[in-house]
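Visitor: Sequence unavailable; structure follows:
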């Protein structure tokens, strides 16, 4: 069980983004709301975002983390592209985590590509919020 | 039921509560203070004859069809077992179709990949990584021909889950049939063509809502004249429910979408009875057994009344809500995936007891990937077991008259009616969508349910109760990594080999008719024949109408 009042985390900004062409936004919206209820500042991109659009939004909004939701099966192509573009633009310290329909076999490759956490179906909001609290700090502050 | 009988029943209930229930509760309290469905509809301890106060559910095969649209239901003909399938290239999916037909499936249902759903060719930059992943890639009429290879189009009906580019895929289907000498007058099938639920829930779109409705009007008018056996719109609650709606919201928003399409058809100059019989429906069937059965029964009664009283349709076929059903993908769990076979079987049984006309049963591995052949086979066998072993098909509407089922049918109807009135007051579904009203209602409901799960008020076996140490590994379907390259090669080859001048002329003609506001369907059929691609045709619509951008609501 999670208690919103214990989770106030000021000055942490999180971009919740939907890469790929799939329209399954139920999970992204629920996670965005849970993070907001836990005290984070959340920016939601909306659907059908290209890696370029997501990285540009993250840098422009000066976020500390990006939560990616993808259920289209294109995760192995699109997610490493996002982390590579962040590195190229000197923003590798933005923590990237993701969730969706992601087979276990694909997780090591995504971790290697710089995705800090992969949340698979059945993960509770409590687990996601706890992970963010543990792992996402304002950028420039040593975690 | 006369008043004195109701009074006697109420008195008997009060005596029972006092003498039997009270002492029982004193000995053993109930498990919860409140019982509710998965949609959070409160359920009473006991339903009785007094709860309906004499309303008769009527008889099957006649208005208002609460008990079914046919007088004999499954005694006459079983539902169509129609498994949704599509992955990779057209050849890959065609092989799966022939496997399913060989296993006793009776209709085809095509799942397209995301770029196709969004009107992009496979070599568009936005298609990167998505080609053939969640469905089959179709770029040109040549892909459609391969997809339907050795399928007897005059005998097998094909349902295509395609919305924003529905006109293009229908044109390809017509062109393939014509090339095989089969007249459009004789082909049967379905395009989903339901853009309103795309804006509400499924979210695969090209142009904004109003021009989307114009393209749907074109398809309605064209099919009414040229392809009379085509099911023009499959008005879909499935995606609305999967996005987190309650059963009542699914029903209300779907029927409100239906109302908007009927109004659009009439506004396009069609007589209501000329096109309404070819509208069909598609509902989700979720875990909550009685609620789902009641939802199907309420849906039929409400649609019959809407068509007869609101639109003054005279043909009984216009009043009938014919529906496809699909078990709830969202109810399946990645944990202990074998449990999904049981969930799907119970949901499928609810769809049959609810009186559906066709059914897709999900496979147990679909929280991981598209299903394997073995998993699909179990899902199809589930339907065959219900059809041939359980005996529920031997009598029409076996649960009709059950106090709980009739009371829930009434309750769901009343709550859905209230939603429809609210949407009417907003100016109809198109206006409601422009105000993001249904999207907000769904987001609220899905967040509320998630919180109930987190608090343990709702139980999902294997997830927040009865969890086991995982993993329980199951074999998964892998999409051939070479699909994208093969498909890109094909669309480029078709573009290079076509008569460039003829293709350009067909595109120009389509642009002119689109700009002039004429019916686009004949020009689309000409364009697909000239090997103009799906993406090129949709680019014309993007240019003329602009692209849709959603105002995202959390």
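Guide: Perfect, thanks for sending it. As the structure is a prediction and not an experimental result, all values here were calculated from the model. Numbers count the residues shown, from 1 in each chain, chains lettered A, B, ... in the order given.

Visitor: so where's the longest helix in chain B?
Guide: Looking only at chain B and at elements set by DSSP state H, the helix with the highest residue count is helix B:403-426.

Visitor: Counting by contacts, list what that helix packs against.
Guide: For helix B:403-426, the elements it packs on are helix B:247-267, helix B:289-305, helix B:429-434, helix B:437-454, judged by 3 or more C-beta pairs under 8 Å, 6 or more residues apart in numbering or on different chains; DSSP states H and E. Where C-beta positions appear, they are placed from N, C-alpha and C, glycine not excepted.

Visitor: can you redo these as JSON lines with distance to chain A and mean neighbour count?
Guide: Listed next are the helices and strands packed on helix B:403-426 as JSON lines, based on distance: least, C-beta to the nearest C-beta, whole Å; neighbours: other C-beta atoms under 10 Å in any protein chain shown:
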{"stretch": "helix B:247-267", "distance to chain A": "13", "mean neighbour count": "24"}
{"stretch": "helix B:289-305", "distance to chain A": "20", "mean neighbour count": "25"}
{"stretch": "helix B:429-434", "distance to chain A": "14", "mean neighbour count": "22"}
{"stretch": "helix B:437-454", "distance to chain A": "5", "mean neighbour count": "19"}
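
Visitor: Serialize the ones you listed to a markdown table and add fields for mean pLDDT.
Guide: Compiled in a markdown table, these are given as follows (pLDDT from 0 to 100):
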| stretch | mean pLDDT |
| --- | --- |
| helix B:247-267 | 98 |
| helix B:289-305 | 98 |
| helix B:429-434 | 97 |
| helix B:437-454 | 96 |
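
Visitor: which stretch among those helices comes nearest residue A:38?
Guide: helix B:437-454 (12.3 Å; C-beta to C-beta).

Visitor: For that closest one, which outside residues touch it?
Guide: Contacts to helix B:437-454, defined as C-beta atoms under 8 Å, 6 or more residues apart in numbering or on different chains, come from residues A:1-2, A:26, A:29-30, A:33-34, A:124-126, B:38-40, B:200-201, B:240, B:243-246, B:249, B:253, B:423, B:426, B:429, B:432-433, B:458, B:460, B:463-464, B:553-554.

Visitor: Among the residues you listed, which are located in helices?
Guide: The subset of the contacts of helix B:437-454 located in helices under the criterion DSSP H comprises A:26, A:29-30, A:33-34, A:125-126, B:240, B:249, B:253, B:423, B:426, B:429, B:432-433.

Visitor: Out of those residues, which is nearest to residue B:380?
Guide: Using C-beta to C-beta, residue B:240 is the member of those that sits closest to residue B:380, with 25.7 Å.

Visitor: Do I have it right that the closest one meets residue B:196?
Guide: No - between residue B:240 and residue B:196 there is no contact under C-beta atoms under 8 Å: 9.7 Å.

Visitor: Could you check the pLDDT of the nearest residue to residue B:364 once chain neighbours are set aside?
Guide: Taking C-beta to C-beta, 6 or more residues apart in numbering or on different chains as the measure, residue B:364 lies nearest to residue B:340, with 3.9 Å between them; neighbours along the chain are not counted. Looking at residue B:340, its pLDDT stands at 98.

Visitor: what kind of secondary structure is residue B:340 in?
Guide: Here residue B:340 takes the helix state, with states given by DSSP: H, G, I helix; E, B strand; the rest coil.

Visitor: That one against residue B:361, yeah?
Guide: No - counting by C-beta under 8 Å, residue B:361 is not a contact partner of residue B:340; they are 10.3 Å apart.

Visitor: what helices or strands is the longest helix along chain A leaning on?
Guide: Among the elements of chain A assigned as helix by DSSP H, the one spanning the most residues is helix A:75-88. For helix A:75-88, the elements it packs on are helix A:51-60, strand A:65-70, strand A:95-100, helix A:107-112, judged by 3+ C-beta pairs under 8 Å, 6+ apart.

Visitor: re earlier: could you check how far the residue nearest to residue B:364 is from residue B:347?
Guide: In this structure, residue B:340 and residue B:347 are separated by 10 Å, where distance is defined by C-beta to C-beta, to the nearest Å.

Visitor: Present the helices and strands packed on helix B:403-426 as TSV; the columns should include distance to residue B:501.
Guide: Putting the helices and strands packed on helix B:403-426 into TSV (distance: least, C-beta to C-beta, whole Å) gives the following:
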stretch	distance to residue B:501
helix B:247-267	36
helix B:289-305	49
helix B:429-434	40
helix B:437-454	45
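
Visitor: What about whichever residue of the stretch 251-400 of chain B sits closest to chain A? Give its phi and psi, please.
Guide: Per C-beta to the nearest C-beta, residue B:334 is where the stretch 251-400 of chain B lies closest to chain A, at 4.1 Å. In terms of degrees, to the nearest 10, the main-chain angles of residue B:334 are phi -70, psi -30.

Visitor: check contacts around it.
Guide: Contacts for residue B:334 were tallied using C-beta under 8 Å, 6+ apart; they are A:120, A:121, A:122, B:367, B:368.
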